[in-house]
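> Quick one: sequence plus predicted model below, questions after.
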Amino acid sequence: MFRLHDVGLTHGNGFVALRGVAMAVQAGEQLAIVGPSGAGKTTLLRLIGAALRPSRGSIDLHGDDPWTLSAAELRRLRARIGVAHQAPPLPLRQRVVTAVLAGRLGQWPWWKGIASLAYPVDIVGARAALARLDLGERIFDRCDRLSGGQLQRVGIARVLYQQAQLVLADEPVSALDPALALHTVQVLSSDAAARGVTLVASLHAVDLALSCFPRIVGMRDGRIAFDRPVAEVDETLLSALYATEGGGLPLLAGEPATPALPLPAGGPRRGTFCR
């Protein structure tokens, strides 16, 4: 699916965001990226999604180096990647149905996208994606009538509707309460598993990552600190990863814990995944 070879990224102001990142992910894998704020998690996802070009090293994505492709080829490659943002870029005056259907704009001919602005071309499909996230009744609302957590779920519904081959989720449930966050990640995970596609999620809550993903990547200071199956990720590794945070490990309920890792009430136990 994708491979990163000694990838680094230095911003124009000289700040080094990523250093010597090497990673290989196979089609159908699911993994979570965890680490303290500023570790480089979002930057890494943007590189994987071909939104940023590395300063050094190379990326093999779907068998191609994105930065050797023509502009048209790069657009087609990006259309195969679904991105769930922490703050989805949804026009506030846009209706929810239009926002969800925008997931397939990269796959539709231009005239179909324009026609859908006047009258949604697949209301049934949009409603089905929203219903999986308990938002089916909000389909014709404007986005400015939704809360931050509802907007995050609309963004995820758009990714579900897109049917991408690679799904990148960047803190996709940060505005949701614990039960709803767990349910939403379960939906993403089960959809990826059912379609056999790759899911990479950056998560703030360590317990959510441990309960829902079979592979955990820990990042710190722009480097990969560890990349292990969830069964091999223990409190020692995690405590070292978050050593500079000062408040213990970030959990789904919003309260840090050291060193124990309680999971959401009623949620799966560590090592059993959200499927």
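Received, thanks.

> Might one say that Gly218 is in contact with Glu232?
No: between Gly218 and Glu232 there is no contact, the gap being 11.3 Å when judged by C-beta atoms under 8 Å. Using the backbone N, CA and C atoms, a C-beta is placed for each residue, glycine as well.

> where's Arg142 relative to Arg127, distance?
Distance check for Arg142 against Arg127: by C-beta to C-beta, to the nearest Å, it reads 16 Å.

> higher neighbour count, those two?
Set side by side, Arg142 and Arg127 show unequal neighbour counts under other C-beta atoms under 10 Å, the larger going to Arg127 at 20 against 15.

> Go ahead and flag the most central residue of this protein.
Note on the chain: the residue nearest the mean C-alpha position is Ala169, at 0.6 Å, using C-alpha atoms, centre = their mean.

> I figured that residue was touching Thr198, is that so?
No: in this structure, Ala169 is not within contact of Thr198 by C-beta under 8 Å, at 11.3 Å.

> if we can go back for a sec, could you look up the SS state of the residue nearest to the centre of the chain?
In the three-state summary, Ala169 is assigned as strand, counting by DSSP: H, G, I helix; E, B strand; the rest coil.

> Leu18 and Ala175: what is the separation?
Note on Leu18: its distance to Ala175, by C-beta to C-beta, is 26 Å.

> the more surrounded of those two?
A side-by-side neighbour count of Leu18 and Ala175, using other C-beta under 10 Å, places Leu18 first with 25 against 17.

> pretty sure the more buried one is touching Leu4, no?
No: here Leu18 lies out of contact with Leu4, judged by C-beta under 8 Å, at a distance of 9.2 Å.

> So for the helix or strand hosting Tyr161, mean pLDDT?
With the criterion set as DSSP states H and E, the secondary-structure element containing Tyr161 is helix 148-162. Model confidence over helix 148-162, given as mean pLDDT, is 97.

> residues making contact with that helix?
With contacts defined as C-beta atoms under 8 Å, 6 or more residues apart in numbering, helix 148-162 is touched by 82-88, 90, 96, 99-104, 107, 125-126, 129-130, 132-135, 138, 143, 146, 167, 169, 172-177, 180, 184, 187-188, 191.

> same thing but at 7 Å, please
Under the contact criterion C-beta atoms under 7 Å, 6 or more residues apart in numbering, helix 148-162 has outside partners 82, 84-85, 88, 90, 96, 99-104, 125-126, 129-130, 132-133, 135, 138, 143, 146, 167, 172-173, 175-176, 184, 188, 191.

> If any of the residues you listed are buried, put those into a ChimeraX selection.
Here is the ChimeraX command that selects only those of these that count as buried (16 or more other C-beta atoms under 10 Å):
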select :82,84,85,88,90,96,99,100,101,102,103,104,125,126,129,130,132,133,135,138,143,146,167,172,173,175,176,184,188,191
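
> So which of the contacts of helix 148-162 belong to strands?
Within these, membership in strands is found for Gly82, Ala84, Val167, as judged by DSSP state E.

> Could you pull up the residues touching Glu245?
For Glu245, the contact set (C-beta under 7 Å, 6+ apart) comprises Pro36.

> pretty sure it belongs to a helix, no?
No: for Glu245, which was evaluated using three-state DSSP, the result is coil, with no helix membership.

> elements contacting the lowest-mean-pLDDT helix or strand in the chain?
The helix or strand of the chain with the poorest confidence is helix 110-118; it has a mean of 84 (mean pLDDT, DSSP states H and E). Under the contact criterion of 3 or more C-beta pairs under 7 Å, 6 or more residues apart in numbering; DSSP states H and E, helix 110-118 touches helix 96-101.

> which other helices and strands contact the helix it packs on?
Of the remaining helices and strands, those touching helix 96-101 by 3+ C-beta pairs under 7 Å, 6+ apart are helix 110-118, helix 123-131, helix 148-162.

> among the ones you listed, which is the most enclosed?
Ranked by average neighbour count under the criterion mean count of other C-beta atoms under 10 Å, these are headed by helix 148-162 at a mean of 23.

> and that one with strand 166-170, angle?
Between helix 148-162 and strand 166-170, the angle comes out at 170 degrees (axes from the mean of the first three to the mean of the last three C-alpha atoms, to 10 degrees).
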